[in-house]
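Student: could you work out the structure for the sequence below:
(one chain, ligands or ions: 1)
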Amino acid sequence: MSRIIYVNGHYRRYGEAGVHVEDRGLQFADSVYEVIEIYNTQLIDPTRHLDRLERSMNELSISPPMSRSALSHIIEQTVRRNRVHNGIVYLQVTRGTAPRDFPINGKDLSPTLICSARATSRSARDSIAAKGISVVSVPDIRWGRCDIKTVMLLPAVLAKSSAHQAGASEAWLVDTDGWITEGASSNAWILNQDYELQTRSLSHALLPGITRQTLIDVAGKTGILVVERAFNAKQAYTAKEAFNTSASATIMPVVRIDEQSIGSGTPGPITLKLRQAFHHHAERIPASARPAKY
Ligand code: PDD
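Tutor: Residues are numbered from 1 along each chain as shown. Below is the predicted model:
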């Protein structure tokens, strides 16, 4: 089955889809995006993801391409046309197309909307989670508004590439004061010496992760204390447990940070309990409620 992608009003086969060469997303990374999990044909936390997309557009004065209900319809159709049961929806909204010129002022552009849906293997992800992953700490070289989910991802590409070269799957980014901000494409967590779940508090330095927020709700319901406070690599090395959160991997146990094994060197029991509870507590909306119109 060929994959179908939505671009600016059309559902096309991948090889036939494209954007203008002077799209500002391509020229300037003047563009925001979202990744939403599809789990058992359900969208996970769509309301929070679409709220964050609206916030990202608003912070950068990118015009919304359409109403939320129209966008939800496109998401549904894209999932359905690609027959995705487990995987991710990817949305990108660029400021639009104009002759290449840096300033935004006075430009009344029509935004570009891209929506794709890709199947991923749940069993492959579960077997990675059963073993846990390694992370390495690297300097955080990103800009001052990491709270906006932009496609300006080159620092994350470089950080993840150096993690892979070191045999790890994720990089934890360390700010100039030595505090861990977040993962290259996830939020970073530890279970600290006091058995509190600890993750950095929100600011312009990190993405307000949707999985992070839902996990805070889940922890509250299961009676686990959460503290939103930064930690450094040394504190992480001696943590009882560690994990990452993201829409594409939900809660991913971390068993090694740099050269240091975490806890027993296997996924921690509290991490695994939270991973199990996560989908039960998250908002779940059928991803393809309506029949596809081909
Ligand atoms: N990444 N921090 C960063 C820098 C991220 O890129 C992501 C998500 C997160 C976790 O956010 P959420 O829980 O809303 O997925 C934190 C997505 C999955 C990606 O870029 O593929």
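Student: switch to C-alpha atoms for all contacts and neighbour counts from now on
Tutor: OK.
Student: which positions in this structure make contact with the ligand?
Tutor: Taking Cα under 6 Å from any ligand atom as the test, the list of the chain residues beside the ligand reads 35, 182-187, 207, 209-212, 245-248.
Student: are any of these buried, and which?
Tutor: 35, 182-187, 207, 209-212, 245-248 (16 or more other Cα atoms under 10 Å).
Student: and the helices in the chain?
Tutor: For the chain, helices defined by DSSP state H occupy the ranges 24-28, 46-59, 68-81, 122-131, 154-165, 210-221, 233-237, 269-281.
Student: could you export those helices as TSV, including mean pLDDT?
Tutor: As requested, the helices of the chain are exported to TSV (pLDDT from 0 to 100):
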stretch	mean pLDDT
helix 24-28	98
helix 46-59	98
helix 68-81	97
helix 122-131	97
helix 154-165	98
helix 210-221	97
helix 233-237	98
helix 269-281	97
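Student: wait, which of the ones you listed is closest to I4?
Tutor: Comparing those by their distance to I4 (Cα to Cα), the top pick is helix 68-81, with 6.7 Å.
Student: picking that back up, and of the residues of the chain next to the ligand, the nearest to K149?
Tutor: Each of those was checked against K149 using Cα to Cα; the closest is L207, at 6.9 Å.
Student: and the residue nearest to that closest one when sequence neighbours are not counted, how many neighbours?
Tutor: Residue nearest to L207 in three dimensions, not counting chain neighbours: D147, with 4.2 Å by Cα to Cα, 6 or more residues apart in numbering. Per other Cα atoms under 10 Å, the neighbour tally for D147 reads 19.
Student: cool, and R13?
Tutor: Under the criterion other Cα under 10 Å, the count of neighbours that R13 has is 12.
Student: I4 is in contact with that one, correct?
Tutor: Yes. The pair R13 and I4 qualifies as a contact (Cα atoms under 8 Å) at a distance of 4.6 Å.
Student: now L26: how far from H20?
Tutor: To H20, L26 is 9 Å away according to Cα to Cα, to the nearest Å.
Student: these two: which is more packed in?
Tutor: Ranked by neighbour count (other Cα under 10 Å), L26 and H20 place L26 first, with 16 against 12.
Student: V35 versus I5, what's the distance?
Tutor: Here the criterion is Cα to Cα. By it, I5 lies 15 Å from V35.
Student: low-scoring pLDDT stretches of the stretch 151-294 of the chain, where are they?
Tutor: Counting by pLDDT under 70, the stretch 151-294 of the chain shows low-confidence ranges at 289-294.
Student: just to revisit the earlier point, nearest to G87 among the buried ones among the residues of the chain next to the ligand?
Tutor: The shortest distance between G87 and any of those, using Cα to Cα, involves S248 and amounts to 7.6 Å.
Student: just give me the neighbour total for the nearest residue to that closest one once chain neighbours are set aside.
Tutor: The shortest distance from S248 to any residue that is not its chain neighbour, by Cα to Cα, 6+ apart, is 5.9 Å, and that residue is E37. The number of residues packed near E37 is 28, by other Cα under 10 Å.
Student: surely E37 meets A247?
Tutor: Yes. Counting by Cα under 8 Å, E37 sits close enough to A247 to count as a contact (5.4 Å).
Student: wait, what's in contact with the residue nearest to R275 when sequence neighbours are not counted?
Tutor: Ranked by Cα to Cα, 6+ apart and with sequence neighbours excluded, the top spatial neighbour of R275 is I251, at 5.3 Å. Applying Cα atoms under 8 Å, 6 or more residues apart in numbering, one finds that I251 lies in contact with F243, N244, T245, T271, L274, R275.
Student: most widely separated two among the residues you listed?
Tutor: Distances among the contacts of I251 were taken as Cα to Cα; the most separated pair is N244 and L274, at 11.6 Å.
Student: out of the two, which sits in the more crowded spot?
Tutor: For N244 against L274, the residue with the higher neighbour count under other Cα under 10 Å is N244, and the figures read 26 against 17.
Student: please name the bridge partners of the residue nearest to S248.
Tutor: Going by DSSP bridges, E37 is paired in beta bridges with I88.
Student: how about the residue of the stretch 1-150 of the chain found nearest the ligand: what's its closest non-neighbour residue?
Tutor: In the stretch 1-150 of the chain, no residue comes nearer to the ligand than V35, which is 5.4 Å away by Cα to the nearest ligand atom. In space, not counting the residues next to it along the chain, V35 is nearest to Y90; the distance is 4.8 Å by Cα to Cα, 6+ apart.
Student: cool, thanks, talk later.
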